[in-house]
Every structure is written in structure tokens, then in C-alpha cells.
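model the following, please.
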Amino acid sequence: AGIQSGQVIRLSGQGQPGMGGGPKGDLLLEVLIREDPRFRLDGRNVVHVLPIAPWEAALGATVPVPTLAGTVDLRIPAGSQSGRKLRLKGRGMPGGNPGDQLVELSIRTPAADSDAQRKAYEALRSSFANYDPRS
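As a prediction, the model looks like this:
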């Protein structure tokens, strides 16, 4: 547990037989960790980008988050912004000194496909008339 990509495992005496009937050599295995679309490694830490709805970011929510050991519920604090990183201690790469999982929030805005949804966005715009995200 906890092996890193690029590390080598030596299996003593499990390689090819030596020249002229000599003893078997060692078998060397180089470990490569396959990429996963849900996670990115940063040393011993595992990074996961979590899409959330604007109302989950603004009001706070508890949402399921995948980890290497299964899904856990994560509390999103009210007032969160895209790019905020939340730490799940000890949920990164396993081993003697396990890493953490960093959950990076990514606010995703739903499309306004109906008249009611467009009116909801217009009401939101009116409620936050003085808000400028570029300031």
C-alpha cells in the first residue's frame, strides 16, 4: 500500500537463470499508476474536482464525493466559490503516511431551457443588481 508511480519492486531470485547454469537473477517490476478520470495525484494527495450547483455553493449542502475507498458525504460550506479546496484527511494514497484527498469545488450553472427557468435567472439578476463578478 502506498507505492508511488515509478517505484521499482525487486523480486529476488525470480528472474532469468544465470549464464552457464548460474542462479536465477532478480525480477524488477516498475510500477506505473494508471490515470483515473475522477482523480489526479499530487504526491501522496488525491485531487478530485467536484461539480456543484450554484445554490449548493451559496446556501451550503451535503453532497456525495467519490474517494479511493468509496463514497463519503462532504459538507459544502455556505458561500463557497469555484476553486475552493476542501480536505478529506487521510483519504489520499494509502500507506504508512497516508495522503489527503483535496476536493476542488467547480460551480456549474444549469442552462435555462424553459420560460420558467429564464424567469428564475431574471429574478436572480434583479436580486443581485449590484453584484459584478469581474470587480
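
could you use CA atoms for every contact and neighbour count after this?
Fine.

so who does Leu105 touch?
Going by Cα atoms under 8 Å, 6 or more residues apart in numbering, Leu105 touches Val49, Leu50, Pro51, Ile52, Gln81, Ser82, Gly83, Arg84, Lys85, Leu86.

show me how to select, in PyMOL, the buried members of those.
PyMOL command restricting the contacts of Leu105 to the buried ones, with burial defined by 16 or more other Cα atoms under 10 Å:
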select buried, resi 49+50+52+81+82+85+86
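
which of the contacts of Leu105 fall within strands?
Among those, the members found in strands (DSSP state E) are Val49, Leu50, Pro51, Ile52, Lys85, Leu86.

what helix or strand does Pro66 sit in?
Using DSSP states H and E, Pro66 falls within strand 61-67.

now the spatially most central residue of the chain: how far from Arg38?
Against the mean C-alpha coordinate of the chain, by Cα atoms, centre = their mean, the closest residue is His48 at 1.4 Å. His48 sits 6 Å away from Arg38, going by Cα to Cα, to the nearest Å.

how far does stretch 26-38 stretch from start to finish?
36 Å.
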